[in-house]
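Asks: Pasted the sequence and its predicted model underneath.
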Amino acid sequence: MRLPRALPLFAVVAAVASLAACSSSGSPEQGKDPQAKQVDRQTAASPTEKPTPQRRPYTISFGGDVHFEGGLRSRLADPRTALGPIASVLRRSDLTMVNLETAITTGGTPAPGKQFTFRAPASAFTALKAAGVDVVSMANNHGMDYMESGLADSLAAIRRSRFPVVGIGKDAAEAYKPFRRTVNGNRVAIIGATQVLDAEFIQSWTATADKGGLASAKDEASLLRAVRQARRNSDTVIVHLHWGTEMQKCPNQAQLSLAPKLVKAGADVIVGGHAHILLGSGYLDNAYVNYGMGNFVFYNSNPATTGRTGVLTLTINGRKVMKDSWTPATIQGGVPVPMTGAARTRAVADWKALRSCAGLSARP
């Protein structure tokens, strides 16, 4: 048998190098499994690059007007239970909002000539948070019941508590500034403003470029500008308004005029209260409008009118309001108690019937 002639050294080295190259650059089946390859790709990605979250529906619940005046003040002795049994409903949603219709102060000077002035200590924020409330609006006709000194106390309490509040601020920029949160990949922006202000307080209570106060819906240009700005970088834009006429069952002309302007500016949801009673809810084109949430945590209620309340829950994905649901309740001892059985069924039907005079639809 003839033996092969010895190869030169440089040829042996080249052959070994070639073999190694083939081994390292082969297909996954030849040297690396697919999972390991995926890990390599992830490792190679920029460490600062964040994956875009997949957007999916979220829920947001709304309650009506809240204060802790009169007999309700004692409920703040234990903030964990201050809102009573309705808290179990509020906690179910991804976001929850109410109208906080009071100044947050223990001092201050009552607004001159006002028949009703509301104030509460900062523990009101603790109570709301404990009940599952995520954000409140203080843009209403009681938000500055204790005038400038009460405003200063309210703003200081907001800063200390870090509880999200809209519709009030040290200047107009802060008062119209939206609350923002990303929920299930949806960038949500909520703006608060009031269309209801006593004539003698419009000037002194309205926030301006260099003065603190409330976000006013009477200044439509400023409110619409805030909505358009929020629209640019939000998936859902919500406007919470204090509006309507006390004890009037149908929306007034000011409400009917403002709602379509807000929708045109980019609002997807408009919710509000003030009238002490429930008003209609439904769709205005593709947007969702509620004209009146009624009382919620309130010392004065009539079971047949002002004592009827509830929680509005919307299921939303981006700009699309996919579903609305109503959890009816009655105010007992100043706090909402959810209804059950046949009474609940009748209350839901009554609530749906309210939209007949509101010019709203059951579907978009």
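Replies: All right, it came through fine.
Asks: make it CA atoms for all contacts and neighbour counts henceforth
Replies: Noted.
Asks: Quick one: low-confidence residue ranges for the stretch 51-200 of the chain.
Replies: 51-53 (pLDDT under 70).
Asks: Repeat the analysis, applying 90 as the threshold.
Replies: Applying pLDDT under 90 to the stretch 51-200 of the chain flags the ranges 51-54, 108.
Asks: Could you pull out the helices in it for me?
Replies: 87-90, 123-130, 147-161, 172-175 (DSSP state H, counting those that start in this stretch).
Asks: name the helices or strands packed onto the first one?
Replies: Okay, so that is helix 87-90. The contact analysis (3 or more CA pairs under 8 Å, 6 or more residues apart in numbering; DSSP states H and E) places helix 87-90 against no helix or strand.
Asks: Would you tell me which strand is longest in this protein?
Replies: Assignment by DSSP state E gives strand 320-332 as the longest strand of the chain.
Asks: could you say what helices and strands that strand packs with?
Replies: Judged by 3+ CA pairs under 8 Å, 6+ apart, strand 320-332 is in contact with strand 287-290, strand 308-317, strand 335-338, helix 341-353.
Asks: what would those look like in JSON lines with mean pLDDT?
Replies: Listed next are the helices and strands packed on strand 320-332 as JSON lines, based on pLDDT from 0 to 100:
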{"stretch": "strand 287-290", "mean pLDDT": "98"}
{"stretch": "strand 308-317", "mean pLDDT": "98"}
{"stretch": "strand 335-338", "mean pLDDT": "98"}
{"stretch": "helix 341-353", "mean pLDDT": "98"}
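Asks: how about the strands in the stretch 51-200 of the chain?
Replies: Using DSSP state E, counting those that start in this stretch, the strands of the stretch 51-200 of the chain run over residues 58-66, 95-100, 103-104, 119-120, 135-137, 165-166, 168-169, 179-183, 186-194.
Asks: Please work out which residues outside the fifth one touch it.
Replies: Spelled out, it's strand 135-137. With CA atoms under 8 Å, 6 or more residues apart in numbering as the contact definition, strand 135-137 has outside contacts at 96-100, 163-168, 179, 192-193, 240.
Asks: mind redoing it with 7 Å?
Replies: 96-100, 164-167, 192 (CA atoms under 7 Å, 6 or more residues apart in numbering).
Asks: The first one now?
Replies: Counting by CA under 7 Å, 6+ apart, the neighbours of strand 58-66 from elsewhere in the structure are 90, 93-101, 183-184, 273, 293-298, 310-317.
Asks: Show me which of those are buried.
Replies: The neighbour-count test (16 or more other CA atoms under 10 Å) applied to these identifies 90, 93-101, 183-184, 273, 293-298, 310-317 as buried.
Asks: that older thread, just so I know, which of the helices of the stretch 51-200 of the chain lies nearest residue 221?
Replies: Between residue 221 and the helices of the stretch 51-200 of the chain, the shortest gap by CA to CA is with helix 172-175, which sits at 12.4 Å.
Asks: list the buried ones in that closest one?
Replies: Across helix 172-175, burial judged by 16+ other CA under 10 Å covers 172-175.
Asks: Stretch 229-238 now?
Replies: Buried-residue list, stretch 229-238, by 16+ other CA under 10 Å: 230-231, 234-238.
Asks: who's residue 135 bridged to?
Replies: With DSSP bridges as the criterion, residue 135 is bridged to residue 97.
Asks: State the distance from it to residue 167.
Replies: 11 Å (CA to CA, to the nearest Å).
Asks: Please apply the same query to residue 309.
Replies: 23 Å.
Asks: same thing with residue 288?
Replies: Remark: distance between residue 288 and residue 167 (CA to CA) = 20 Å.
Asks: And for residue 150?
Replies: 15 Å.
Asks: more crowded one of these two?
Replies: Neighbours were counted for residue 150 and for residue 167 using other CA atoms under 10 Å; residue 167 has more, 30 against 23.
Asks: didn't that one look like it was pressed against residue 140?
Replies: No: counting by CA atoms under 7 Å, residue 167 does not reach residue 140; the two are 8.3 Å apart.
Asks: how close does the nearest residue to residue 308 once chain neighbours are set aside get to residue 198?
Replies: What sits nearest to residue 308 in space, not counting adjacent residues and going by CA to CA, 6 or more residues apart in numbering, is residue 330, at 5.0 Å. Going from residue 330 to residue 198 by CA to CA gives 29 Å.
Asks: the more surrounded of the two?
Replies: Neighbours per residue, other CA under 10 Å: of residue 330 and residue 198, the larger number sits with residue 330, 24 against 11.
Asks: Dig out what residue 330 forms beta bridges with.
Replies: Bridge pairing for residue 330 (DSSP bridges) gives the partners residue 308, residue 337.
Asks: And the pLDDT for it?
Replies: With respect to pLDDT, residue 330 scores 97.
Asks: which residues sit in contact with it?
Replies: Neighbour list for residue 330: 303, 307-309, 336-339 [criterion: CA under 7 Å, 6+ apart].
Asks: go again using 8 Å as the cut-off
Replies: Residue 330 makes contacts with 303, 307-310, 336-339, as judged by CA under 8 Å, 6+ apart.
Asks: List only those of those flagged as buried.
Replies: The neighbour count (16+ other CA under 10 Å) marks 307-310, 336-339 as buried among these.
Asks: Just confirm residue 173 contacts residue 209, I think it does.
Replies: Yes: if you go by CA atoms under 8 Å, residue 173 and residue 209 touch, sitting 7.0 Å apart.
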